[in-house]
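[1] Here is the input, now give the coordinates:
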Amino acid sequence: QGLVEYSIILMLIALVVVAIVRYIGTSASNATCEAGTGLSGSSTAGCGVYAIGNGANGQLGNGGTSNTTTLVKVSNLSGEILQVSSGSNSSLAVDANGNVWAWGDNTYGELGQGSTGGGSCSCYPTPVQVAGLTNIIAVSDGDLFGMALKSDGTVWTWGDNYGGDLATGSSCTPQPCGVYNATQVSTTYLSGVTQIVAFEDGGIAVEKNGSVWGWGANPAGQTGTGSASAGGCSCITTPTAVSGLSGVTALAGGNTAVLAIAGGSVYAWGADMLGASNHQDLSPTRVSGVSGATAIAISTSSFFVAFGNGTVSSWGFCGNALLGNGCVGIAYQTAPASVAGLSKVTGLSGGVFAQEVYAFTSTGATYGWGLWQTGTTPTGLAGVTGQAACFVNQCILAPGLVPGETDLTSMSSEEYTAVFTSRSGMH
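    Numbering: from 1, shown residues only. Predicted coordinates for the structure are as follows:
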């Protein structure tokens, strides 16, 4: 009996020690952020999450559904945040403990809550934890689905599966239909994964052996697997090899296209990749004239690359002044050209359906351009001055300083909303 009691006491002591360690770690992380002193560790780690722009679907994460032209703090998220990613009207965040949080529209189950909808807005206006996910190191948000990468190299997906988005070996109809809890992609297809990115209705994964895999909606060849799909869902439902690409160091997903950096060169596949309407590259194709690339981004069908010398070039669809050179409307720029007014750029941010693009600099300043306001709906550029008419909208035609957004470490844009985290926090 004495041994039993002794064992119980030791067990209780161990549980108390674990609890204390976790408390100290969390408190230290929170205190570091609250003090605004920044964080060590991951280069993408930041303090808290902030948002600006359209909030109609709860995508600001502050508990409401109103728009805002000033920065608001996303609720329920404190301490160290490793990364944020946005889809069409929802966002994901990974915290320092490897948990995933989701907020915004849940019409298609894209928040991983086990069902569609939620409240009168069919949304969750404050972050909720995605159950079943632990030790997550990266997330990527597609149009109506989410994807997460675990530290053991496994990939997990949830949400709508109309276009084979979830890599489960099937698709479904009519929408909404899918899997509304986080589910592991079979290791028969993916294992030892080190990078992931979502495009509108599918994804790309890179394994530690350098192999690249694509799946999902594929009418324009956006999976990079060498052909376009037709009939039915026009999709590839299981991860399939992407040939001709190795040594990938960065990925960016857009509406129907993907970019990758390998050896300082940029490779592209999918629709409109070379800036010509209806152009398709079914396999990775090197973007001519680009070398020394350090960062890439896509905003819908407009493409961006940053170089080691701190400059940025753009190409693709002009749209709402997305190329940053004053071009607007139904026009295409067929080759990368420098975006004036930018220097010391270290990172870029766009989004699957983003109507704006952002550049981070080594000075801590953030610059943005693209759609400023449509009708009465603001975007993530609401704080930038100097807007001008473009179509029936208002746009920022060239890079403008974004007030309040400094020392950004991770940022992502929805259609009209920007979400970000900062190394020093916002005070």
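
[2] which residues of the protein score low on pLDDT?
    Low-confidence regions of the chain, defined by pLDDT under 70, span residues 1-44, 273-278, 426-427.

[3] go again using 50 as the cut-off
    In the predicted model of the chain, residues 15-31, 34-40, 427 satisfy pLDDT under 50.

[4] Helices of that one, residue ranges please.
    Here the chain has its helices, by DSSP state H, at 2-35.

[5] any chance you could map the strands in the stretch 101-250 of the chain?
    Using DSSP state E, counting those that start in this stretch, the strands of the stretch 101-250 of the chain run over residues 123-129, 136-141, 145-150, 155-160, 178-184, 193-199, 202-207, 212-217, 235-242, 248-253.

[6] Can you add distance to residue 315 and mean neighbour count and give the ones you listed back as CSV?
    Heads up, the C-betas are built off the backbone N, CA and C, glycines and all. Below are the strands of the stretch 101-250 of the chain laid out as CSV (distance: least, Cβ to Cβ, whole Å; neighbours: other Cβ atoms under 10 Å):
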stretch, distance to residue 315, mean neighbour count
strand 123-129, 35, 20
strand 136-141, 23, 24
strand 145-150, 27, 26
strand 155-160, 30, 26
strand 178-184, 34, 19
strand 193-199, 18, 23
strand 202-207, 20, 26
strand 212-217, 22, 26
strand 235-242, 22, 20
strand 248-253, 13, 22
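
[7] In JSON lines, list these along with distance to residue 86.
    Rendered in JSON lines, the data for the strands of the stretch 101-250 of the chain read as follows (distance: least, Cβ to Cβ, whole Å):
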{"stretch": "strand 123-129", "distance to residue 86": "13"}
{"stretch": "strand 136-141", "distance to residue 86": "5"}
{"stretch": "strand 145-150", "distance to residue 86": "11"}
{"stretch": "strand 155-160", "distance to residue 86": "14"}
{"stretch": "strand 178-184", "distance to residue 86": "18"}
{"stretch": "strand 193-199", "distance to residue 86": "10"}
{"stretch": "strand 202-207", "distance to residue 86": "15"}
{"stretch": "strand 212-217", "distance to residue 86": "18"}
{"stretch": "strand 235-242", "distance to residue 86": "23"}
{"stretch": "strand 248-253", "distance to residue 86": "12"}
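
[8] Please list all residues in contact with the residue nearest the centre of the chain.
    Within the chain, one residue has its C-alpha closest to the average C-alpha position: by Cα atoms, centre = their mean, that is residue 85, at 3.1 Å. Residues touching residue 85, when contacts are defined by Cβ atoms under 8 Å, 6 or more residues apart in numbering, comprise 91, 92, 93, 139, 140, 141, 198, 412.

[9] Correct me if wrong: the fourth one contacts residue 87.
    I take that to be residue 139. No - using Cβ atoms under 8 Å as the test, residue 139 is too far from residue 87 to be in contact (10.5 Å).

[10] Now do the shared contacts for these two.
    Taking Cβ under 8 Å, 6+ apart as the criterion, residue 139 and residue 87 both touch residue 146.

[11] Mind checking the strands of the stretch 101-250 of the chain for the one nearest to residue 402?
    strand 248-253 (19.9 Å; Cβ to Cβ).

[12] Counting by contacts, list what the closest one packs against.
    Counting contacts by 3 or more Cβ pairs under 8 Å, 6 or more residues apart in numbering; DSSP states H and E, the secondary-structure elements packed against strand 248-253 are strand 193-199, strand 202-207, strand 257-262, strand 293-299.

[13] which neighbours does that strand have in its sheet, and in what orientation?
    In its sheet, strand 248-253 lies beside strand 257-262 (antiparallel), with partners assigned from DSSP bridges.

[14] Contacts for the partner strand next, please.
    Contacts of strand 257-262 from elsewhere in the structure, counted by Cβ under 8 Å, 6+ apart, are 197, 199, 204, 212, 214, 220, 222, 224, 245-252, 266-273, 284, 293-298, 301, 303, 305.

[15] Please state the offset of it from the chain centre?
    Distance of strand 257-262 from its chain centroid, counting by Cα atoms, centre = their mean, to the nearest Å, is 14 Å.

[16] tell me the angle it makes with strand 212-217.
    What separates the directions of strand 257-262 and strand 212-217 is an angle of 170 degrees, with axes from the mean of the first three to the mean of the last three Cα atoms, to 10 degrees.

[17] how about the CA coordinates for strand 257-262, as PDB?
    The C-alpha coordinates for strand 257-262 follow below in PDB (Å, rounded to 0.1, in the frame of the first residue of the first chain):
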ATOM      1  CA  ALA A 257      -2.000  29.400 -60.500                       C
ATOM      2  CA  VAL A 258       1.100  28.600 -58.400                       C
ATOM      3  CA  LEU A 259       4.600  30.100 -58.200                       C
ATOM      4  CA  ALA A 260       7.800  28.500 -56.800                       C
ATOM      5  CA  ILE A 261      11.300  29.600 -56.100                       C
ATOM      6  CA  ALA A 262      14.100  27.000 -56.900                       C
END
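
[18] So for residue 333, which of the strands of the stretch 101-250 of the chain sits nearest?
    For these, proximity to residue 333 was assessed by Cβ to Cβ; strand 248-253 is nearest, at 17.4 Å.

[19] So which residues make contact with the closest one?
    For strand 248-253, the external contacting residues (Cβ under 8 Å, 6+ apart) are 140, 142, 195-200, 203-204, 206, 210, 212, 258-262, 293, 295-298, 350, 352.

[20] swap in stretch 387-401?
    Applying Cβ under 8 Å, 6+ apart, the external contacts of stretch 387-401 come out as 320-321, 324-326, 328-329, 339-342, 356, 359, 365-375, 381, 384-386.

[21] for the stretch 251-400 of the chain, what spans make up the strands?
    Using DSSP E, counting those that start in this stretch, the strands of the stretch 251-400 of the chain run over residues 257-262, 265-271, 280-286, 293-299, 302-307, 312-319, 329-338, 345-349, 356-361, 366-374, 377-378, 388-390, 393-401.
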